[in-house]
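**Student:** Here's my sequence, what's the structure:
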Amino acid sequence: MKPVFFATPREFRAWLDACGATGYGVIDPAPCAAVAFVVERTDSPWRGPFHGLALLSFALPGLLTTMAWMLILSPNIGWVNGILKSLFGLGESPLNIYTMGGMIWALSSHYFPLAYLLMGPAFRVLDTRMEEAAVVSGARSWQIAGRITLPLLRPAILSTLLLLFVRGIESFEVPRLVGMQQAQEWVMAAELFGAEARVSLFGSRTDDRLKGGDIDLLVELPRRQADARRKSLTLAARLQQVLGDQPIDVLVVDPDTPIQPIHEIARRSGMPI
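**Tutor:** Numbering: from 1, shown residues only. Next up, the predicted model:
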């Protein structure tokens, strides 16, 4: 759904970038620091292969990993949702990648190796003599972590947070493929008809109890556009490319359009998007 304070798709995209970068920039360092601690400060098995896989992940482009998460967690074609629905007899998909949480998850998984590689050297070169002295003095583990380890790691943590935020802001594929699905009808309509176009969904798709049916959209324009018919067909074709082969009807109303009963029904029962 399009929040009311976004005037253009560009502003909506900027909001997605900022929220996604902030969310994963805050969430990602904690598990990465835990993994870096296990790899660098313990004798856990498989430390070497894990480090090698972290380096290998940089060979995978962000577009490929984003599309992979879409194939896994999509509510329509995601195989994980298909398994969960079959196992538990669910009528709807329990997971949806096309949400803010899904976008943050896709960003976090893509930049997790980067955060790990930034935190790893900090644990590797950390002077353990202070921690050993604290242990000898009788300090508890949480006291050592809070008063010695974390202060020593503060520069690495802050630099990792800053770099992850910047990489999240400049990321294109996740907000475009995942985030824009939240308001794709409005985004496509605004690109074709302009930011002033009002888009509403009406018909059977407004009732969750009804399954299937056409996707009926009402596009209201503040002024007449000569090529409105062509743009409505283009909008329907683009939506079919994204949503699949589904029947999509687009009604365009401007000040010169004769109002018919279908227009009144659409205005009365439509849900703005």
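
**Student:** and S108, which of the three is it?
**Tutor:** Following DSSP: H, G, I helix; E, B strand; the rest coil, the label given to S108 is helix.

**Student:** what ranges of the stretch 51-200 of the chain fall below the confidence cut-off?
**Tutor:** Within the stretch 51-200 of the chain, the stretches with pLDDT under 70 are 179-187.

**Student:** quick one: the helices in it?
**Tutor:** For the stretch 51-200 of the chain, the helices defined by DSSP state H, counting those that start in this stretch cover 62-73, 79-88, 100-124, 129-136, 141-144, 150-170, 173-177, 184-193.

**Student:** Check which residues of the longest one are buried.
**Tutor:** Within helix 100-124, the residues that qualify as buried are 102-120, 122-123, counting by 16 or more other CB atoms under 10 Å. For glycine as for every other residue, the C-beta is placed from the backbone atoms N, C-alpha and C.

**Student:** ditto for the shortest one
**Tutor:** Applying a neighbour-count criterion of 16+ other CB under 10 Å, one finds I144 buried in helix 141-144.

**Student:** what's next to that helix, contact-wise?
**Tutor:** Residues from elsewhere that reach helix 141-144 (CB atoms under 8 Å, 6 or more residues apart in numbering): E131, A134, V135.

**Student:** Would you mind confirming that F123 makes contact with V35?
**Tutor:** No - the pair F123 / V35 is not scored as a contact, 10.1 Å apart, by CB atoms under 8 Å.

**Student:** which one is L84 nearest to, not counting chain neighbours?
**Tutor:** Spatial nearest neighbour of L84, excluding adjacent residues (CB to CB, 6 or more residues apart in numbering): P94 at 5.5 Å.

**Student:** That neighbour: how many residues sit nearby?
**Tutor:** Neighbours of P94 under the rule other CB atoms under 10 Å: 12.

**Student:** now do A30
**Tutor:** As a measure of burial, A30 has 11 neighbours, counting by other CB under 10 Å.

**Student:** where's it, which helix or strand?
**Tutor:** helix 29-41 (DSSP states H and E).

**Student:** Report the mean confidence score over that helix.
**Tutor:** For helix 29-41, the mean per-residue pLDDT is 86.

**Student:** now that helix against helix 100-124, angle please.
**Tutor:** Angle of helix 29-41 versus helix 100-124, following axes from the mean of the first three to the mean of the last three CA atoms, to 10 degrees, is 30 degrees.

**Student:** how far does helix 29-41 sit from the chain's center?
**Tutor:** Counting by CA atoms, centre = their mean, to the nearest Å, helix 29-41 is centred 24 Å from the centre of its parent chain.
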